[in-house]
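> with the input below, show me the fold.
(chains A, B, C and D)
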Protein chains: 2
Amino acid sequence: MSNSKLYKGSINTIILKLLNEHNKMYGYEITQKVKDLTKGELNITEGALYPALHKLEAEGLLDVEIAKVDNRLRKYYKLTENGTKETANKLEELADYIKTMQTLINPKLA
Amino acid sequence: MSNSKLYKGSINTIILKLLNEHNKMYGYEITQKVKDLTKGELNITEGALYPALHKLEAEGLLDVEIAKVDNRLRKYYKLTENGTKETANKLEELADYIKTMQTLINPKLA
DNA sequence: ATCTTATGCATAAGAAAATTATGTATATAT
DNA sequence: ATATATACATAATTTTCTTATGCATAAGAT
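Take a look at the predicted model:
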């Protein structure tokens, strides 16, 4: 993913936000999109991604649709209604996290 | 700590920055300072704090000095030279993390 | 006097999340 | 032919945190 430990716990936020932005995506596409958007800074590994997608699906935040393209399997994921709500929560949590960390790191502005 | 998973991996950054700011602190003091600065948003638990302090010390980033105040034990931690360097790294990592996440979350500005 | 809360440390059991290593399979480029 | 890219998946291990527990002294409340 990255040599920085700070990304731990961020993968669900990333997945949900990307799906919110792009409607439906498949796993490999997500890894490439993240690599592309971050110019290689962040690489989501399969070992982290697929279990996360399965869990989000099990929690009812994602729906799956299987497709076959060029004789290869693709599993397209999209947000459910609850998934859309949870995306908003996750983005708020991220904003709060950043604000809190900046408070801790830059006490002058506290 | 917080109901948000985003703080995972952040505790070392927080500890190092606080010690960088306050020269020397003891464990309990760190928990109270964090609670105070974040207005209760973030509570560092002992189960997370003490193992983290011990690890940072084992890595040579912190030095310890034992004191007895009011007949109670205190272990004051301060940054070593390497600890000060690592603090700068961690703060840079945090800045990069925030920047990268904002890129992912707000693709309009990418 | 007794009990609770605060101060101060520590560790162990368990859960959660990621890394690393594999595994399968097809398509494309060299 | 061989390597790289596409596309999924899981298992073993490690990392990190939560929750629970333990010890001990001080201060405040009843």
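> can we go C-alpha only for contacts and neighbour counts from here?
Will do.
> how about the strands in chain A?
Ranges of strands in chain A, per DSSP state E, are A:24-26, A:62-69, A:72-79.
> of those strands, which is nearest A:Asn3?
Smallest distance to A:Asn3 across those (C-alpha to C-alpha): 25.1 Å, for strand A:24-26.
> thought A:Ile15 was touching A:Glu29?
No - using C-alpha atoms under 8 Å as the test, A:Ile15 is too far from A:Glu29 to be in contact (11.0 Å).
> between these two, which has more neighbouring residues?
Neighbour count, other C-alpha atoms under 10 Å in any protein chain shown: between A:Ile15 and A:Glu29, A:Ile15 has more, with 24 against 13.
> residues making contact with the longest helix out of those in chain A?
Longest helix in chain A by number of residues (criterion: DSSP state H): helix A:81-105. Here helix A:81-105 makes contact (C-alpha atoms under 8 Å, 6 or more residues apart in numbering or on different chains) with A:13, A:16-17, A:20, A:60-62, A:109-110, B:4, B:6-7, B:14, B:17-18, B:34, B:37-38, B:41, B:98.
> buried subset of those residues as a ChimeraX selection?
Buried residues among the contacts of helix A:81-105 (16 or more other C-alpha atoms under 10 Å in any protein chain shown), as a ChimeraX selection:
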select /A:13,16,17,20,61,62 /B:6,7,14,17,18,34,38,98
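> from chain B, how far out is A:Gln32?
Distance, A:Gln32 to chain B, using C-alpha to the nearest C-alpha, to the nearest Å: 12 Å.
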